[in-house]
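Colleague: My questions are about this predicted structure, shown below with the sequence.
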Amino acid sequence: PIKQNILKWLVILVSIFVVVWGIAIPYFKIRLFPSITKIIEMMERRNAFELKKNVSILYQNCYHLKEEDKRKEYRNDIIKKMQELDEEKENDRNEIVKYFEELVKERFNEIDAIILKQAKYTFFLTTISQNGKFDFITSFCGNMRMIYNIVVATGFRPTKWQLVYLYVCVIVASFLAYIVEH
């Protein structure tokens with residue numbers, strides 16, 4: 001009975017740790033990032049003045065670069081480029097929009113790399129595992145961390161409803177990993 005109680009409390013503590021580490025901490029950290037909807041709206045309008053004015057959103061959130069030196073250089077390059085361009089000139093307006101799109105595309109490439117890395121990791125773990133519960137936990141925690149890593153890499157978060165949708169998809173996918181095992 002004592003060993004069962006200890007084991008029961010150990011399972012409860014591990015479960016709490018997984019929920020806090022895998023869901024709560026990433027969720028609250030994600031909420032600190034600015035929403036990507038502002039960037040998308042600006043790009044859809046293709047307003048060079050607004051893009052130039054708000055380019056600081058991109059260089060303040062450049063966490064896709066790991067080293068601080070590279071981030072500082074990245075910020076300086078963006079500031080220098082924006083100072084060179086004049087939103088009143090037609091050619092410069094097009095250049096501002098094009099440059100902004102390149103910066104955003106760079107972040108989308110980083111997202112693709114993160115997703116591919118997580119897919120390989122999850123595939124590897126579920127392939128060698130013979131336990132559906134372990135597959136559920138690894139898939140669930142890994143995908144929740146992947147969402148967090150994507151937000152950190154891009155510097156922007158999805159809207160609340162997009163985030164809820166992503167979390168629901170992760171739960172369903174993880175549950176499917178468990179179901180397929182049985």
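Modeller: Nice, I can see it.

Colleague: Could you count how many residues lie near Gly155?
Modeller: 19 (other C-beta atoms under 10 Å). For the C-beta atoms, the positions are set from N, CA and C on the backbone; glycine is no exception.

Colleague: Torsion angles phi and psi at it?
Modeller: phi 90, psi 0 (degrees, to the nearest 10).

Colleague: quick one: contacts for it?
Modeller: The neighbours of Gly155, taking C-beta atoms under 8 Å, 6 or more residues apart in numbering as the test, are Phe33, Pro34, Ile57, Leu58, Gln60, Asn61, Cys62, Tyr63, His64, Arg107.

Colleague: how does it look with 10 Å?
Modeller: Residues near Gly155 by C-beta atoms under 10 Å, 6 or more residues apart in numbering: 33-34, 36, 39, 57-64, 107.

Colleague: longest helix of this structure?
Modeller: In the chain, ranked by residue count with DSSP state H as the criterion, the top helix is helix 90-128.

Colleague: for that one, packing partners?
Modeller: Using 3 or more C-beta pairs under 10 Å, 6 or more residues apart in numbering; DSSP states H and E as the contact test, the elements touching helix 90-128 are helix 37-45, helix 48-53, helix 56-60, helix 68-84, helix 132-154, helix 160-181.

Colleague: Highest mean neighbour count out of those?
Modeller: Burial among the helices and strands packed on helix 90-128, expressed as mean neighbours by mean count of other C-beta atoms under 10 Å, is greatest for helix 132-154, which shows a mean of 20.

Colleague: how about the CA coordinates for stretch 111-123, as CSV?
Modeller: What follows is the C-alpha trace of stretch 111-123 in CSV, where atoms were taken according to Å, rounded to 0.1, in the frame of the first residue of the first chain:
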residue,chain,number,x,y,z
ILE,A,111,8.9,27.7,-39.5
ASP,A,112,9.2,25.0,-42.1
ALA,A,113,12.6,23.9,-40.7
ILE,A,114,11.1,23.7,-37.2
ILE,A,115,8.1,21.7,-38.3
LEU,A,116,10.3,19.3,-40.3
LYS,A,117,12.6,18.8,-37.3
GLN,A,118,9.7,18.1,-35.0
ALA,A,119,8.1,15.7,-37.5
LYS,A,120,11.3,13.7,-37.7
TYR,A,121,11.6,13.6,-33.9
THR,A,122,8.0,12.5,-33.4
PHE,A,123,8.2,9.9,-36.2
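
Colleague: what residue is smack in the middle of this protein?
Modeller: If you average the C-alpha coordinates of the chain and look for the closest C-alpha using C-alpha atoms, centre = their mean, you land on Ile150, 1.8 Å from that point.

Colleague: Just the CA atoms of stretch 48-59, as PDB, please.
Modeller: Provided in PDB are the C-alpha atoms of stretch 48-59 (Å, rounded to 0.1, in the frame of the first residue of the first chain):
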ATOM      1  CA  ALA A  48       4.900  51.300 -47.800                       C
ATOM      2  CA  PHE A  49       4.500  54.100 -45.300                       C
ATOM      3  CA  GLU A  50       2.900  51.900 -42.800                       C
ATOM      4  CA  LEU A  51       5.400  49.100 -43.400                       C
ATOM      5  CA  LYS A  52       8.300  51.400 -42.900                       C
ATOM      6  CA  LYS A  53       6.800  52.900 -39.800                       C
ATOM      7  CA  ASN A  54       6.200  49.500 -38.300                       C
ATOM      8  CA  VAL A  55       9.300  47.700 -39.400                       C
ATOM      9  CA  SER A  56      10.500  47.900 -35.800                       C
ATOM     10  CA  ILE A  57       8.100  45.100 -35.100                       C
ATOM     11  CA  LEU A  58      10.300  42.800 -37.200                       C
ATOM     12  CA  TYR A  59      13.600  43.800 -35.900                       C
END
